[in-house]
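Novice: what follows is a predicted protein model with its sequence.
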Amino acid sequence: MKFGSVEDPTAVDFTLPPTHPDTLTLLDKHKKKKRDLEVYVGCAKWNKQDLKGFYPRGTKDELVYYATQFNSIELNGTFYNSPDKAQVETWKGKTPADFKFFPKVPQSISHYGRLLNVDEKMTAFCDAIALFEEKLGVSFLQLHDNFKPKDFDRLATFIKKFAKLTPLAVEVRNEEWFADESVRQKLWTLLESQEAANVLVDTAGRRDMLHMRLTTPTAFIRYVGANHPTDKKRLDDWVTRIQEWYDAGLQSLYFFVHQNVELESPLLSAYFIEQLNKALGLDVRGPSEKLF
């Protein structure tokens, strides 16, 4: 994933910002005395060419093998081609009972349609991914870099319609969403009212997207490594932060690893799972063999 990449990662301060105060307030509201943390960790795709070296020689079906190694996938493929019902049922049938898909809203809706006059496409997408049934995680909407706060009402209308059909997470990218406090608060109030998760993006060149403001008791995190030795230290810091959020009331964690060169994504995902399991006493499923 090239978004937010930089030429020299050593020049970036990767320190995680403090947790937003409203995040702690929200988590405290949802805190339960006895609870298990729901955790799904994976990569963005299962394509063999991108994840070169991950698949054993002779692997015939990449999704089948991938799903034995991780418990989820950030389904980026649906961004480029909205799946039909038969495709969804095929994917579902190739994965074990504990596996979940997190499909991305098609670009025909988010980028080309820019959320206007897309009801028919939105309904077709939601009807298709509904067939994942118990294997459907959260669908996420990623807006174009040039989709700005001036179109807030358009975004609000879409979210209110979509959130009634299927669970949703939202990622805004344009800098104007983060530059003004009133704009930020308006967006976060909308997401919280619709129970839509506010996506956090940890990428080298866009530290403003680490707003640390959760709008549901779910943390949906898209982590972009830099193919650099700093990547593991950054993941260690996330383990510490997740521990803090869990103690505060976090109920679910969806954590998806990207890389500028994707072949290292399974390695970092496996490393994160191992460290998270150790720190929180969890048993999140990861690769059967050590990859790192």
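Specialist: Noted; the coordinates are in hand. This structure is a prediction, so every number in the text was calculated from the model and none was measured.

Novice: then the strand or helix carrying Phe255 to PDB, C-alphas only?
Specialist: Following DSSP states H and E, one finds Phe255 within strand 252-259. What follows is strand 252-259 as a C-alpha-only set of coordinates in PDB (Å, rounded to 0.1, in the frame of the first residue of the first chain):
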ATOM      1  CA  SER A 252     -13.300  -5.800  19.800                       C
ATOM      2  CA  LEU A 253     -10.100  -5.300  17.800                       C
ATOM      3  CA  TYR A 254      -9.800  -5.600  14.100                       C
ATOM      4  CA  PHE A 255      -6.200  -5.100  13.100                       C
ATOM      5  CA  PHE A 256      -5.000  -5.400   9.500                       C
ATOM      6  CA  VAL A 257      -1.400  -5.200   8.300                       C
ATOM      7  CA  HIS A 258      -0.300  -3.700   5.100                       C
ATOM      8  CA  GLN A 259       3.200  -3.100   3.700                       C
END
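
Novice: which helices and strands does that strand pack with?
Specialist: strand 38-43, strand 72-75, strand 218-225, helix 265-280 (3 or more Cβ pairs under 8 Å, 6 or more residues apart in numbering; DSSP states H and E). Every C-beta, even on glycine, is put in place using the N, C-alpha and C of the backbone.

Novice: what angle separates that strand from strand 38-43?
Specialist: On the basis of axes from the mean of the first three to the mean of the last three Cα atoms, to 10 degrees, strand 252-259 is oriented at 10 degrees to strand 38-43.

Novice: name the surrounding residues that touch strand 252-259.
Specialist: 1, 37-44, 72, 74, 102, 137-138, 169, 197, 217-227, 238, 242, 265, 268-269, 272 (Cβ atoms under 8 Å, 6 or more residues apart in numbering).

Novice: got the angle for it vs strand 218-225?
Specialist: 10 degrees.

Novice: pLDDT of strand 252-259, averaged?
Specialist: Strand 252-259 shows a mean pLDDT of 94.

Novice: buried stuff in that strand?
Specialist: Using 16 or more other Cβ atoms under 10 Å as the test for burial, strand 252-259 gives Ser252, Leu253, Tyr254, Phe255, Phe256, Val257, His258, Gln259.

Novice: stretch 77-97 too?
Specialist: Neighbour count says stretch 77-97 has Gly77, Thr78, Phe79, Ser82, Pro83, Val88, Trp91, Lys92, Thr95 buried, by 16+ other Cβ under 10 Å.

Novice: and for the residue lying closest to His30 once chain neighbours are set aside, the neighbour number?
Specialist: Spatial nearest neighbour of His30, chain neighbours left out: Pro217 (4.0 Å); criterion: Cβ to Cβ, 6 or more residues apart in numbering. Applying other Cβ atoms under 10 Å, we find 22 other residues in the vicinity of Pro217.

Novice: Pro217: what's it in contact with?
Specialist: Leu26, Leu27, His30, Gly249, Leu250, Gln251, Ser252.

Novice: any of these buried? List them.
Specialist: Leu26, Leu27, Gly249, Leu250, Gln251, Ser252.

Novice: would you list those in CSV and tack on distance to Leu51?
Specialist: Converted to CSV, the buried ones among the contacts of Pro217 look like this (distance: Cβ to Cβ, whole Å):
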residue, distance to Leu51
Leu26, 35
Leu27, 34
Gly249, 35
Leu250, 29
Gln251, 30
Ser252, 25
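
Novice: relative to Tyr55, which of the residues you listed is nearest.
Specialist: Nearest to Tyr55 out of the buried ones among the contacts of Pro217 is Ser252 (Cβ to Cβ; 28.9 Å).

Novice: for Ala67, see how far away the closest one is.
Specialist: 20 Å (Cβ to Cβ, to the nearest Å).

Novice: go on, Thr240?
Specialist: Distance from Thr240 to Ala67, by Cβ to Cβ: 29 Å.

Novice: show me where the stretch 101-250 of the chain has strands.
Specialist: For the stretch 101-250 of the chain, the strands defined by DSSP state E, counting those that start in this stretch cover 139-142, 168-171, 197-198, 200-202, 218-225.

Novice: now the angle between helix 265-280 and the longest one, please.
Specialist: Taking the same axes, to 10 degrees, one finds that strand 218-225 is oriented at 130 degrees with respect to helix 265-280.

Novice: mind checking how far strand 218-225 is from the chain centre?
Specialist: In terms of Cα atoms, centre = their mean, to the nearest Å, the centre of strand 218-225 is found 5 Å from the chain centre.
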